[in-house]
Structures are given as C-alpha cells and as structure tokens.
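> Just to be clear, the model below is a prediction. Sequence and coordinates:
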Amino acid sequence: MPSTQPELPSRCRIDINGLRKTFLAQGREVLAVDDASFRINDGEFVALLGPSGCGKSTILNMVATLITPNGGNIRVDGIPVVPGRPTRQVGYVFQKDTLFPWRTVEDNIGYALELAGVPAADRRARVDEAIHQAGLDGFARFYPSSLSGGMRQRVSLMRTLIVQPEILLMDEPFGALDTHTKLDMHSVLLNIWERARQTVLFVTHDLGEALTLADRIILLSARPGRVKQDFRVDFARPRNAVTLRETPEYAALFSRIWHSLGEEFARTHSA
Amino acid sequence: MSRRLSTLLWQIGIGVAALAIWQWAWDLHERVPWLVPELFDPYFVSKPSDIFRQFLGMSCLVSTDGAWTFGVPGAFTRCLGRSDNNLWIATYFTLKNTLWGFVCGVSSGFALGLLLGRSDRLSEIFYPYVTAFNSVPRIALAPIIILAFGIGDASKIMTAWLVVVFLVFFNTFEGARSVDRDHINASRLLGASEWQVTRTVIIPSTMAWLFASLSPAISFSLIGVIVGEFIGAEHGIGRMIIEAEARGEAAGMMVAVFVLMIVGMILSALVRRLQTYLLRWRPAQNVAA
C-alpha cells in the first residue's frame, strides 16, 4: 500500500521546463504555449485547467510525444522524452473516442496485452477483472458501436489502465459526456485511482471536474498558455464525486479559482 | 394485409404479367400488328414455354425423345455424355472461373491498394500508370488475353482478374488513406511497433473498405468470365450463348441467360451474407451496401 507522508521528499515524475509551441495558422505563426514550466510528483493527481484554446491539450500531447515542442524540455522520470517514441510507463486517454470499432469490448481492453505478447489465459483473467472494475459486466462481447458514450469511455479507460501505467495523461476524457454520466465517470476514476495512485495529468476546462478529482490545479492563462497559478486542493480522500460538491470548502475554493479563471475567459474573448 | 405480403403479391403479379405478355403477345400480331412490336417475334426472343422446354432438354432432365430421364437408369448420364458443353458442365466452368477471378482480383487488389495507399512515395510514382490503365476499358483487352493465354481457363480467370483488380484496388487505396490518425496514435501509445500498427489498425480498418467492394467485385468477375468465353472458350455459359446464336436458337440463348441470372443472384447473395458477417461491428444502418 502506498503511504502518504507529505514530509518525505516526493519523487518528481514529470518535469516540464520552458516549454514552447508555435503553430502555423493561415500563414501566420501563432504562439500556443509560451514558457510553460511545472513539475508533477509521484502519485499526484494534477488537473491542467484553462479556457479553451489556451494550449492545455497541446502541453499534454507534447508530454505524450504526439506533438514536437519548439523549445524547452520535458523529462519523464528524469529522461527527456523523444517525440514520436511513446514512453513506456505513460498511459494516455483520448478526448475523442478512439476505441477500435472492429474489436469487441474485451478485445479492445486486452489490446495492449496482446501487443506485449501476454498469453491468452493470463490476458483473459486480467481483462475480466478490468471489465468488472469498470462495471461493464455482461458487455464483454459487445462492439463499441452498440455502447453508450459513457460506456465507451469506460472501455477506453480500461484499455489504457490494463498495462498498469504509473503515469496517466488524460485529455478531457469526459468532455463529451452529459453531466450525470460525467459524475459517474468521476466515481469510477476516483475508485481506480484510490487503489493504484498513479501520477495523473488531467486536462480539463471544467473547474468542478478539476476540484472533484485533483490534488493540485494548475491554471493556465489564455493563449499563449503559461502557468498562471498553482492551487492545492486538499479535500479529504477518498472523495465522493457527488457529495463533495455540497461542502463549504468546495464552494470556497471554487469561487477563488473561478475568479482567476474568469479573468482568462475574459481575455480569450477580448483577444 | 401486411405490407410484406402485399409487396410479395405485387412482385408475383408483375412477374406473371410480364411472362404472360411475352408468351402470348405475338399471337395478337396477325390481328393488331400496330400493338405488338416486331421484337416479340419468337425467332428473336423465343417464348417462356419454349425456353422452359429447351431448359429441360439442355439440362438433360428430359431426353431427346421427350421422356423424363429420372427413373430411367443411365438415361441422364447418357444424355450428358452427348455434349462436352452441356448446361451442367458449362455452369461448372463459368462458376469456377468466376470464383478464381474473384479471389485473385480481390487479394491482389487489396495488397496493391494497401501498399500504394500507405506509401506516399509509391503512389506518387505509380499514379500516372494507375490512371492510364484504369482509363482502358478492361473488356477491350479480352481478345489480347485470349491470344496470350489460350482458350482454356487461364484466359477467363485473367479477364475476370483484370476487371476485379482495379475496383478492389481503388477501394482499398481510399481505405488505406483514410485510416483514422487517432487510431494509429492510440495504438502507438499502447505500445505497438510499426508492424503491429499495420497489422492491428491499418489492415482491419482498410478491410471495411475492401468488404464494401466485394459485392460489385463478384458481379464484375462474372462479366469478365462471360466476355472471355464469348471470344474463345471450350466450355462455359458464354460459349453456350455464342453456339446457340450461331444456330439461330433464341430459346437456347435465353436458357443460358436465365441460368446466368440465377448464378449471379446466388453469388451476390452469398457475398452479401459474408459482408454482413465480416462487418458485424458496424452500426446497423451502415451494413446494407
């Protein structure tokens, strides 16, 4: 069991320093991310919050090696990441539904194990456990096309978690879901995280979601994205995704961050 | 009355009416010549009753003296032995060559489409050749193929291959180009090597496009074989049509055409079954192709 002793110096898992990214849009160079720097320690759940278009997904995708930065550096466990060469201990959950439609639920979840050459019997056992953990019992043989959006995102989540990545990058994974399903997914994710305590970098534009899930909220400014503020979220764990929102601490922190976030929304629109 | 039943009754009714007009319209010709076009002359198009009689004879269900062959020991085989291109043998050869042409065309078209679809360099180089060959009406090459490959099975399979391969190639090519980038990224991030990405993402998603081309491919293959047989063959339904035409036997030609129709219907029904099964992961409304 992982112990939570804040006195001990925690191991830094993700170290981002002076990160910069420009895009070419209609012949003009647009600065998307400017000098972003932050560190994430082992076992920390960090939300990257900001108005849309502020470059938060771009930062995440640079960490995931999907996008090549124009400057600065990213280290995962002390080793610089190489664009195009995914880091082994890092798992990624997409915003968009990227399940393989020709594979059933169980074959989607077991995909990474298949790639790694895990024997079929082993794979079965682990997939069955994951299906149970995600509350997908009875849907193992279904194709993604016959599942609801929420269920598909559960499958996506388990497809990434099956290989037990120590670091989890999540790009607004619940952005397309309705409020109720979203809360449901928060409970599922919190449950899983309580057990494994992965290091998580979670991109969102939803303050409520960030507060529900994270230990820390890094607030980005409107474009070009820079780290504006860093908030600690020390609500007790385990958390209840629904009742947490009724507590006065939640309300207090919400309004503090909301104010700061509001300034960035305003800048986005005036720009 | 349920909709399905009424549809069925309409279908039967139209079929029966069409056959009846075909059968008896010519009889009116003497009395009201302006009503019945010359085309109804049984010399050109025969008549349903004649076609059926001819069918019984050609399929050796009835022997030359007009008696049923079943029940008479040896009569059926004796009748078959009289022709080396009887209806059964002809159907067998046409079917066999159609299937071979289909299999060869689909597999090579898929391989080529995948190769060029996933390589910008290769598709850039081969682009003019592909367009040039595609602009040639494939059927125009049939006589050359017969000349080169003889009048045996090889030339029919080759003609069928030629019409099928481009169809499948273009479908696969499009499919290979439109593989979802996010699927490829997801696969890479889950630890796939380049070869694993090809095997588990690019090939399966391209397959969906390939399957959609199977139905037209089987019809094209049958067309290719028949044209090949028209030009030069020892066996096959196409040859049977040419022979009947030479003898001025409209009924014989019509029998061959009806057999082709039935063969074509069975083949495309089978392919559609296969397609539905292979694409079972698709949302229901997309399955019908």
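Received it, and whenever you're ready, just let me know what you need.
> hmm, who's touching the helix or strand of chain B with the lowest mean pLDDT?
Taking all helices and strands of chain B together, the one with the lowest average confidence (mean pLDDT, DSSP states H and E) is helix B:75-81, at a mean of 82. Contact with helix B:75-81 is made by B:60-61, B:63-64, B:67, B:69-70, B:86, B:88-89, as judged by Cβ atoms under 8 Å, 6 or more residues apart in numbering or on different chains. For glycine as for every other residue, the C-beta is placed from the backbone atoms N, C-alpha and C.
> Out of these, which two sit at the greatest distance?
Considering Cβ to Cβ, no two members of those lie farther apart than B:Ala67 and B:Ile89, which are separated by 22.3 Å.
> Filter the contacts of helix B:75-81 down to just the ones in helices.
B:88-89 (DSSP state H).
> Top of the contacts of helix B:75-81 by number of neighbours, please.
Taking other Cβ atoms under 10 Å in any protein chain shown as the neighbour criterion, B:Cys60 ranks highest of the contacts of helix B:75-81 with 22 neighbours.
> And the residue nearest to that residue when sequence neighbours are not counted, how far from B:Arg199?
Of all residues beyond its chain neighbours, the one nearest B:Cys60 is B:Cys79 (3.8 Å), with distances taken as Cβ to Cβ, 6 or more residues apart in numbering or on different chains. Noted for B:Cys79: a distance of 54 Å to B:Arg199, by Cβ to Cβ, to the nearest Å.
> Between those two, point out the one with more neighbours.
B:Cys79 (20 against 14).
> quick one, domains of chain A?
Each structural domain of chain A that the record assigns through automatic domain parsing is listed here as a residue range: A:12-89+A:170-270, A:99-164.
> Just the CA trace of stretch A:166-176, in CSV.
C-alpha atoms of stretch A:166-176 as CSV (Å, rounded to 0.1, in the frame of the first residue of the first chain):
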residue,chain,number,x,y,z
GLU,A,166,2.4,4.5,-13.5
ILE,A,167,1.8,7.8,-15.2
LEU,A,168,-1.6,8.7,-16.7
LEU,A,169,-2.2,11.5,-19.2
MET,A,170,-5.8,12.3,-19.8
ASP,A,171,-7.1,14.8,-22.4
GLU,A,172,-10.5,16.0,-21.4
PRO,A,173,-11.6,12.3,-21.3
PHE,A,174,-15.1,13.1,-20.1
GLY,A,175,-15.6,16.3,-22.1
ALA,A,176,-18.2,14.9,-24.4
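> circling back: I'd like to know which of the domains of chain A lies nearest to B:Arg247.
Across the domains of chain A, B:Arg247 has its closest neighbour in domain A:99-164 (53.3 Å, Cβ to Cβ).
> List of residues touching stretch B:278-285?
Contacting residues not belonging to stretch B:278-285 are listed as A:101-104, A:143-146, B:207-208, B:211, B:286-287 [Cβ under 8 Å, 6+ apart].
> Let me fix that, I meant to ask about stretch A:24-39.
Counting contacts by Cβ under 8 Å, 6+ apart, the residues touching stretch A:24-39 from outside are A:12, A:14-23, A:55, A:58-59, A:62, A:69, A:72, A:218, A:220, A:223-227, A:230.
> From these, list just the buried residues.
Applying 16 or more other Cβ atoms under 10 Å in any protein chain shown to the contacts of stretch A:24-39, the neighbour count classes A:12, A:14-16, A:19-22, A:55, A:58-59, A:62, A:69, A:72, A:218, A:220, A:223-227 as buried.
> Narrow those residues to those in helices?
Counted as lying in helices by DSSP H, out of the buried ones among the contacts of stretch A:24-39, are A:58-59, A:62.
> before we move on, the earlier item: what's the lowest-pLDDT member of the contacts of helix B:75-81?
Of all the contacts of helix B:75-81, B:Thr64 carries the smallest pLDDT score, 75.
> does B:Pro73 count as helix, strand or coil?
The three-state label given to B:Pro73 by DSSP: H, G, I helix; E, B strand; the rest coil is coil.
> which regions of the chain lie under the pLDDT threshold?
Answering for chain A, as no chain was given. A:1-9, A:270-271 (pLDDT under 70).
> actually chain B
In the predicted model of chain B, residues B:1, B:284-289 satisfy pLDDT under 70.
> May I see the domains of it written out as residue ranges?
In terms of domains, chain B is parsed into B:1-40, B:87-286 (source: automatic domain parsing).
> helix/strand/coil for the residue lying closest to A:Lys96 once chain neighbours are set aside?
Excluding the flanking residues, the one nearest A:Lys96 by Cβ to Cβ, 6+ apart is B:Asp182, at 5.7 Å. Here B:Asp182 is helix, with the state taken from three-state DSSP.
> what's the distance between B:Asp182 and A:Ala32?
Computed as Cβ to Cβ, the B:Asp182 to A:Ala32 distance reads 19 Å.
> Looking at these two, which one has more neighbours?
Ranked by neighbour count (other Cβ under 10 Å), B:Asp182 and A:Ala32 place A:Ala32 first, with 22 against 14.
> Helix, strand, or coil at that one?
The three-state assignment at A:Ala32 reads strand, by three-state DSSP.
> What about the residue nearest to it when sequence neighbours are not counted? Give its phi and psi, please.
The shortest distance from A:Ala32 to any residue other than its chain neighbours is 4.3 Å, reached at A:Gly55 (Cβ to Cβ, 6+ apart). The main-chain torsion angles of A:Gly55 are listed as degrees, to the nearest 10 and equal phi 90, psi 10.
> A:Gly55 contacts A:Ser221, doesn't it?
No - here A:Gly55 does not reach A:Ser221: they are 9.3 Å apart, not a contact under Cβ atoms under 8 Å.
> where does B:Ser83 land in three-state SS?
B:Ser83 carries the three-state label coil when classified by three-state DSSP.
> how deep is A:Ala125 tucked in, by neighbour count?
11.
> May I see the buried residues of the least confident helix or strand of chain B?
Buried residues in helix B:75-81, counting neighbours by 16+ other Cβ under 10 Å, are found at B:75-76, B:79-80.
> could I get it in PDB with only the CA atoms?
Listed in PDB are the C-alpha atoms of helix B:75-81, where the atom choice follows Å, rounded to 0.1, in the frame of the first residue of the first chain:
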ATOM      1  CA  ALA B  75     -30.600 -42.000 -69.300                       C
ATOM      2  CA  PHE B  76     -29.300 -38.900 -67.500                       C
ATOM      3  CA  THR B  77     -25.600 -39.700 -67.900                       C
ATOM      4  CA  ARG B  78     -26.100 -40.900 -71.400                       C
ATOM      5  CA  CYS B  79     -27.600 -37.600 -72.300                       C
ATOM      6  CA  LEU B  80     -24.800 -35.700 -70.500                       C
ATOM      7  CA  GLY B  81     -22.300 -37.700 -72.400                       C
END
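> next one: that helix to chain centre, how far?
Remark: helix B:75-81 is offset 29 Å from the chain centroid, using Cα atoms, centre = their mean, to the nearest Å.
> just stretch B:32-52 next, same as before
Relative to the chain's own centre, stretch B:32-52 is displaced by 28 Å; criterion: Cα atoms, centre = their mean.
> Keeping just the C-alphas, turn that stretch into PDB.
The C-alpha coordinates for stretch B:32-52 follow below in PDB (Å, rounded to 0.1, in the frame of the first residue of the first chain):
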ATOM      1  CA  VAL B  32     -53.400  -6.000 -84.500                       C
ATOM      2  CA  PRO B  33     -49.900  -5.500 -85.900                       C
ATOM      3  CA  TRP B  34     -49.500  -1.900 -84.600                       C
ATOM      4  CA  LEU B  35     -50.000  -3.100 -81.000                       C
ATOM      5  CA  VAL B  36     -47.200  -5.600 -80.900                       C
ATOM      6  CA  PRO B  37     -43.600  -4.600 -81.800                       C
ATOM      7  CA  GLU B  38     -41.700  -6.800 -84.200                       C
ATOM      8  CA  LEU B  39     -39.300  -7.500 -81.400                       C
ATOM      9  CA  PHE B  40     -41.800 -10.000 -80.000                       C
ATOM     10  CA  ASP B  41     -41.100 -12.300 -82.900                       C
ATOM     11  CA  PRO B  42     -40.200 -15.700 -81.200                       C
ATOM     12  CA  TYR B  43     -37.400 -16.100 -83.700                       C
ATOM     13  CA  PHE B  44     -35.500 -13.300 -81.800                       C
ATOM     14  CA  VAL B  45     -36.600 -13.600 -78.200                       C
ATOM     15  CA  SER B  46     -38.300 -17.100 -78.100                       C
ATOM     16  CA  LYS B  47     -41.200 -17.700 -75.700                       C
ATOM     17  CA  PRO B  48     -41.300 -18.700 -72.000                       C
ATOM     18  CA  SER B  49     -42.800 -22.100 -72.800                       C
ATOM     19  CA  ASP B  50     -40.100 -22.800 -75.500                       C
ATOM     20  CA  ILE B  51     -37.400 -21.600 -73.100                       C
ATOM     21  CA  PHE B  52     -38.600 -23.900 -70.400                       C
END
